[in-house]
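S.K.: Sequence first, then the predicted structure:
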Amino acid sequence: LMMLFGAKVNAGFCEPDFCPEPRYFMPFPQQTHEIHVFLRLMGFLGIPLQGDHLEFPLLADDVEEFQRLSSNFNLVPKRYICIHAGARLLTRRWPVENFALVANRLGAQGWTIVLTGSTDEEALVGEVSRRLKHVHINLAGKTSLGALGVVVKNAALLISNDTGVAHIASAVEVPSVVVVSGSDPVRWSPLNAALHKTVVHPVDCRPCFEAQCPFDLKCAWGVEPEHVNQEAQMLLIRKVSDEKAITDPHMACPR
């Protein structure tokens, strides 16, 4: 199909038994992070690499939209935690009741809980909202993609499925706990394992490419809320410690 576009030069990955042009096609790297897969291709083609960090540019309009949301919902930067229960595939979703359990634990500690999601996920996010015992903010369907990026950037923490918003948190360098259900953590987990914690329950059927799980979503139900909560608490403790080190030079340690 790519050849039919008529480009002067085509490049990419090839199967072991078919390589259109050895100078421009290489075997697909197995058991490799998705970012490094394509960086290897760039290196193979002789294109200088610029690092493996993600970028998510935030524009002036995105910031202005966030400021309006902040005014309407009293969003105080770094004093709220984002909970994102959605994902396109059912096999990528941790149960909403588990998200609610973790959110309630954090809410009881005084954190403001902000529920995020697309317009298509409003019903799903509503299920989480109905289970929450503390005052919270439901932003599902209320943000553009760019404004969502600013919401995440100003959060103290994100807890989400392995979906797009997890990569936004990685790009804007906000701590996150990512629950991996059917996807492959080797391929998709954030590269900075100190800032982003991936929680996985081992199953033989991963990676999964099914829209409907034939095995009762063991990969998702196997992830315990307490495990997610523990990872969240550790990241929040580290955040508070780093903030104190910045404001109090006597607490700063050599790095």
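M.R.: Yep, it's here.
S.K.: Average pLDDT for stretch 45-53, rounded please.
M.R.: Averaging pLDDT along stretch 45-53 gives 95.
S.K.: so how far is that stretch from its chain's centroid?
M.R.: Offset of stretch 45-53 from its chain centre (CA atoms, centre = their mean, to the nearest Å): 23 Å.
S.K.: So which residues make contact with that stretch?
M.R.: A11, Y24, I35, H36, L39, M42, G43, A171, L191 (CB atoms under 8 Å, 6 or more residues apart in numbering). Yep, even glycine has a C-beta here, placed from its N, CA and C like the rest.
S.K.: Quick one: end-to-end length of it, please.
M.R.: Stretch 45-53 has an end-to-end distance of 20 Å (criterion: CA to CA, to the nearest Å).
S.K.: again, but for stretch 14-30
M.R.: End-to-end for stretch 14-30, by CA to CA: 12 Å.
S.K.: contacts for it?
M.R.: By CB under 8 Å, 6+ apart, stretch 14-30 touches M3, V9, N10, A11, G12, F13, H36, V37, R40, L41, F44, L45.
S.K.: what's the nearest residue to H33 if we skip its chain neighbours?
M.R.: R187 (6.1 Å; CB to CB, 6 or more residues apart in numbering).
S.K.: And the next helix or strand past the helix or strand in which that neighbour is found?
M.R.: For R187, the host element (DSSP states H and E) is helix 185-188. Using DSSP H and E, the helix or strand that follows helix 185-188 in sequence is strand 196-200.
S.K.: helices or strands next to that next one in the packing?
M.R.: helix 164-172, strand 176-180, helix 225-247 (3 or more CB pairs under 8 Å, 6 or more residues apart in numbering; DSSP states H and E).
S.K.: How far away from the center of its chain is the first one?
M.R.: Its chain's C-alpha centre and that of helix 164-172 lie 5 Å apart, by CA atoms, centre = their mean.
S.K.: picking up where we left off before, could you pick out the buried ones from the contacts of stretch 14-30?
M.R.: A11, R40, L41, F44 (16 or more other CB atoms under 10 Å).
S.K.: Would you mind putting those into TSV with secondary structure and distance to G51 alongside?
M.R.: TSV is the format used below for the buried ones among the contacts of stretch 14-30 (DSSP: H, G, I helix; E, B strand; the rest coil; distance: CB to CB, whole Å):
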residue	secondary structure	distance to G51
A11	coil	21
R40	helix	14
L41	helix	16
F44	helix	17
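S.K.: and those as TSV, adding distance to V228?
M.R.: Converted to TSV, the buried ones among the contacts of stretch 14-30 look like this (distance: CB to CB, whole Å):
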residue	distance to V228
A11	41
R40	32
L41	35
F44	38
